[in-house]
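1. missing the sequence, but the structure's below:
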């Protein structure tokens with residue numbers, strides 16, 4: 001099929017998740033072309049197909065951008081392809097699952113409870129290690145001249161300060177953010193995701209299982 005001498009710009013993210021076992025270029029790429037009639041045809045080109053994927057079988061594949069270009073040139077040899085995204089990326093297949101409202105609430109409550117108990121234990125362990133109770137008692141007696149009963153203005157303001165400090169550090173309360181900056185957890189999660197994706201791609205490439213030019217995915221090909 002001829003589409004004329006056109007230039008198409010493609011961009012792929014580092015990790016793409018799909019819910020359709022038949023993966024087309026439009027599912028994993030952002031595309032742009034001066035000729036709008038070309039894009040719908042390019043987006044329907046099949047790259048690979050996942051077959052019978054479950055928890056014990058492979059549901060992730062590393063793909064070279066050269067494989068994508070090969071698929072495009074197989075259908076439209078005269079098109080010039082410019083890659084503006086990743087050179088290697090991961091496609092992860094996950095079947096669509098409907099999560100019940102009650103089950104979702106139970107899982108969320110469990111995570112909240114575990115996080116709360118873990119945070120409370122960490123704070124209590126820290127206070128016990130540094131002797132905060134004894135220190136506050138000595139400071140209170142030194143300043144006021146009276147013996148502390150265990151709960152004074154120092155303990156009260158300290159508790160309020162911990163809550164304010166946590167909210168300020170994590171930069172949000174519920175769905176409300178205090179600033180547009182990402183939270184420390186978000187930053188660490190992005191760094192972890194980048195390291196994980198790099199490791200996955202390198203491991204798959206070393207095992208020579210990457211979907212590259214001239215190779216076919218074990219469960220299918222771009223012709224399937």
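-> Here it is on my side, so go on. The structure displayed is predicted, hence computed values, not measured ones.
2. quick one: the longest helix along the chain to chain centroid distance?
-> With DSSP state H setting the assignment, residue counts place helix 101-130 as the longest helix in the chain. Taking CA atoms, centre = their mean, to the nearest Å, one finds helix 101-130 lying 23 Å from the centre of the chain it belongs to.
3. residue 24 versus the residue nearest the centre of the chain, what's the distance?
-> Centroid-nearest residue in the chain: residue 193, 5.8 Å away (criterion: CA atoms, centre = their mean). Counting by CB to CB, to the nearest Å, the gap between residue 193 and residue 24 amounts to 25 Å. Backbone N, C-alpha and C define where each C-beta goes, glycine included.
4. burial check on the residue lying closest to the residue nearest to the centre of the chain once chain neighbours are set aside, number of neighbours?
-> In space, not counting the residues next to it along the chain, residue 193 is nearest to residue 15; the distance is 7.3 Å by CB to CB, 6 or more residues apart in numbering. Residue 15: 17 surrounding residues under other CB atoms under 10 Å.
5. now residue 156
-> Residues contacting residue 156 under the criterion other CB under 10 Å number 10.
6. contact partners of whatever helix or strand the residue nearest to the centre of the chain lives in?
-> Element membership for residue 193, per DSSP states H and E: helix 184-206. In this structure, residues lying in contact with helix 184-206 by CB atoms under 8 Å, 6 or more residues apart in numbering are 14-15, 60-62, 88-90, 169-171, 182, 210.
7. how is this structure carved up into domains?
-> The record's domain split for the chain, according to automatic domain parsing, is 7-97, 101-203.
8. partner strands of the helix or strand of the chain with the lowest mean pLDDT, with direction?
-> Ranked by mean pLDDT, DSSP states H and E, the helix or strand of the chain with the weakest confidence is strand 172-173, at a mean of 72. The sheet places strand 172-173 alongside strand 176-177 (antiparallel), with pairing taken from DSSP bridges.
9. any idea of the mean pLDDT in stretch 76-90?
-> With pLDDT averaged residue by residue, stretch 76-90 scores 92.
10. start to end distance for it?
-> End-to-end span of stretch 76-90 (CA to CA, to the nearest Å): 24 Å.
11. for it, buried residues please.
-> Taking 16 or more other CB atoms under 10 Å as the basis for neighbour counts, the residues of stretch 76-90 that come out buried are 76, 79, 81, 86, 88-90.
12. likewise stretch 181-199?
-> In terms of neighbour count (16+ other CB under 10 Å), stretch 181-199 has its buried residues at residue 197.
13. any idea how far it is from the chain center?
-> Relative to the chain's own centre, stretch 181-199 is displaced by 8 Å; criterion: CA atoms, centre = their mean.
14. one more: stretch 186-204?
-> 9 Å.
15. check stretch 146-158 too.
-> Between the mean C-alpha location of stretch 146-158 and the chain-wide mean there is a distance of 44 Å, by CA atoms, centre = their mean.
16. can you map out the strands along this structure?
-> When secondary structure is read from DSSP state E, the chain shows strands at 7-12, 15-18, 22-24, 29-33, 46-49, 60-64, 80-83, 88-93, 172-173, 176-177.
17. any idea how far residue 9 is from residue 31?
-> 7 Å.
18. for residue 111, same thing?
-> Residue 111 sits 38 Å away from residue 31, going by CB to CB.
19. one more: residue 206?
-> Per CB to CB, residue 206 is found 30 Å from residue 31.
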